[in-house]
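Novice: Give the three-dimensional model of this entry:
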Amino acid sequence: MDKASIGGSVLMTGVVALVCWQATGGDLMSLWSEKGFYMVIVGTIAAVLMAMPFDRIKMVPGYCKRFMFNKSKPAMETITLMTQLAEKARRDGILSLESEVSKIDDKFLAAGLKMAVDGVDPDTIEATLRLEIMAMQDRHKSGKKFFDIIKTYGPGLGLVATLMGQIGMFKNLGGDIATMGYMLAVAVVATMYGTVLANCLAGPMGDKLAYRSGEEILTREMVVQGILSIQAGENPRVTLDKMAAFVPATIRTKLKAA
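Specialist: Residues are numbered from 1 along each chain as shown. Modelled structure (predicted):
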């Protein structure tokens, strides 16, 4: 579980609820607008359906799960495992790693290592693994795109509802003040819905997924270099140095010390 995502979500919910409570004097129903809800929330759902293919929309629960839970291994743990495999291959030969493949829970690493053990050409291994990285990157872009659509169209649809409310307000100028106040409330509340949806939900979640994607791509690039180094029979220290080039200097220091 990602503690930052959980903590940020709870804090954001608390801040929004507190401000709403204080702004309305405890009358939260004054923030409800049926017209604003239809225009912003239902309209945003319609925009997502129009902008994305349905097979990607079905993956939305996975995007949300990815935001709340981070299953990626730390870079230091991956480098340590790869270094141990390099040392065993150097000592006992690369065929000795065949028994280790089934013990590795990282499917990407296991697949690459199996190809190396089977004696597949290094260029073929690299090309195959990079194709898998590209496919993963495309899937991750869909998750970011989903939240970007909400972030883009949510406030826009809120503005549409605001303009509609203003039209109704102007139409009743000089008439019933209660009707004018109601139409103004529709305009303001709809804008609030769109702004909250974009800045308190979709924006942060999309940015977290983009960060996770970049982090995982970097880790897989590191694994590719490690596998190719092991297959080439290079010194484990060289394998370690190649992978350490992908991480910050502070982590490199810890790796060398270990």
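Novice: Please make it C-alpha for all contacts and neighbour counts, starting now.
Specialist: Will do.
Novice: Residue 137 contacts residue 211, doesn't it?
Specialist: No - applying C-alpha atoms under 8 Å, one finds residue 137 not in contact with residue 211, separated by 11.8 Å.
Novice: How about stretch 204-222, which residues are buried there?
Specialist: Of the residues in stretch 204-222, 204-206, 208-210, 212-213, 216-222 count as buried by neighbour count, 16 or more other C-alpha atoms under 10 Å.
Novice: Not counting that stretch itself, show me its contacts.
Specialist: 63, 66-67, 72, 75, 108, 133, 137, 140-141, 143-148, 242-243, 246 (C-alpha atoms under 8 Å, 6 or more residues apart in numbering).
Novice: May I ask you to confirm that residue 224 is in contact with residue 128?
Specialist: No - the criterion here is C-alpha under 8 Å, and residue 224 misses it with residue 128 at 10.1 Å.
Novice: Between the two, which has more neighbouring residues?
Specialist: residue 224 (23 against 15; other C-alpha atoms under 10 Å).
Novice: So residue 45 versus residue 229, what's the distance?
Specialist: In this view, residue 45 and residue 229 are 48 Å apart by C-alpha to C-alpha, to the nearest Å.
Novice: And these two? Which one has more around it.
Specialist: A count of neighbours by other C-alpha under 10 Å puts residue 229 above the other of residue 45 and residue 229, at 20 against 17.
Novice: Look up the closest residue to that one, ignoring the ones flanking it.
Specialist: Counting by C-alpha to C-alpha, 6 or more residues apart in numbering, the nearest residue to residue 229 once its immediate chain neighbours are dropped is residue 239, at 5.7 Å.
Novice: OK, contacts around the one you found?
Specialist: Listed by C-alpha under 8 Å, 6+ apart, the contact set of residue 239 reads 83, 86, 225, 226, 229, 230.
Novice: Count the neighbours of residue 193 for me.
Specialist: By other C-alpha under 10 Å, the residues close to residue 193 number 23.
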